[in-house]
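Chemist: model the structure of this input:
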Amino acid sequence: MALSEIDRTLLQRCVARKPRAWEDFVERFLGLVVHVIRHSAQCRSIRLSQSDVDDLAAESFMALIADDFAVLRRFRGESSLATYLTVITRRVVVRELLKHKKSASLHELSEATAPAANAPSPEERISNRDEVERLLRHLHGAEADVVRLYHLEGKTYREISDRMGMPENSIGPTLSRARQKIREAGSNGG
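Modeler: You can find the predicted model right below:
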């Protein structure tokens, strides 16, 4: 997707330091930045507080304005501005998460807190047990194993990745595909 005219104008206003340009930019892309932050943390089994999300959003926006908007000035318009900002934000977030992983500044990013990041509460697991069992009747192989490990055994994405030998960032899509299969099987009378 190419750069939209709205984004092109907004970008030009920002680098030219026009009044309210930066505020408009932040207003337009804050939701995207927050989504990328939460998704990046979730993919790494890291739970963030709202304060952590706010700090990471600030870091992401600071990266954009650093050196007189150097990152925005380098944007060539060969993709949408949202795509470009997603890549920039993800790089900033991953760098910050790795930098702080050993410290407790991002609410103990240790392994001890990681299971809560991706795992439903025990109450959700128990209340969904029948649905999970029904889902498992329609699944085979790795998909069934991932669903079983996640929903019935309470494993995190990282634990499933280690046990199954599959990339951690493929666990969520595997679970989504499995849920889609059960929806399709249910609508087909299956």
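Chemist: which SS state does the residue nearest the centre of the chain fall under?
Modeler: Centroid-nearest residue in the chain: H39, 0.8 Å away (criterion: Cα atoms, centre = their mean). At H39, secondary structure determined by DSSP: H, G, I helix; E, B strand; the rest coil is helix.
Chemist: how close does it sit to V53?
Modeler: H39 sits 11 Å away from V53, going by Cβ to Cβ, to the nearest Å. In this view, the C-beta of every residue, glycine as well, is placed from N, C-alpha and C.
Chemist: buried stuff in the longest helix along the chain?
Modeler: What stands out as the longest helix in the chain, according to DSSP state H, is helix 50-74. Buried residues in helix 50-74, counted by 16 or more other Cβ atoms under 10 Å: 52-53, 55-57, 59-61, 63-64, 69, 71-72.
Chemist: what do you get for stretch 132-145?
Modeler: Neighbour counts using 16+ other Cβ under 10 Å place V132, L135, L136, H138, L139, E143, D145 of stretch 132-145 among the buried residues.
Chemist: among those residues, which lie within helices?
Modeler: Members of the buried residues of stretch 132-145 lying in helices (criterion: DSSP H): V132, L135, L136, E143, D145.
Chemist: ok, the spatially closest residue to the fourth one that is not a sequence neighbour to L152 distance?
Modeler: Same thing as E143. Nearest non-adjacent residue to E143, counting by Cβ to Cβ, 6 or more residues apart in numbering: A178, 5.1 Å away. Distance from A178 to L152, counting by Cβ to Cβ: 13 Å.
Chemist: poorly predicted segments of the chain, please.
Modeler: Within the chain, the ranges that satisfy pLDDT under 70 run 1, 101-131, 182-190.
Chemist: tell me the domain boundaries of it?
Modeler: Per automatic domain parsing, the structural domains of the chain span 5-100, 119-187.
Chemist: next, count neighbours for I171.
Modeler: I171: 24 surrounding residues under other Cβ atoms under 10 Å.
Chemist: that one against D145, yeah?
Modeler: No: here I171 does not reach D145: they are 10.9 Å apart, not a contact under Cβ atoms under 8 Å.
Chemist: about what we covered before: now do the residue nearest to the centre of the chain against H140, distance only.
Modeler: Distance of H39 to H140, computed by Cβ to Cβ: 28 Å.
Chemist: mind listing the helices for the protein?
Modeler: Going by DSSP H, the chain shows helices at 5-15, 21-43, 50-74, 81-100, 114-118, 122-127, 129-137, 141-147, 157-164, 171-187.
Chemist: in the first one, what's buried?
Modeler: So the one you mean is helix 5-15. Buried residues in helix 5-15, counting neighbours by 16+ other Cβ under 10 Å, are found at D7, L10, L11, R13, C14.
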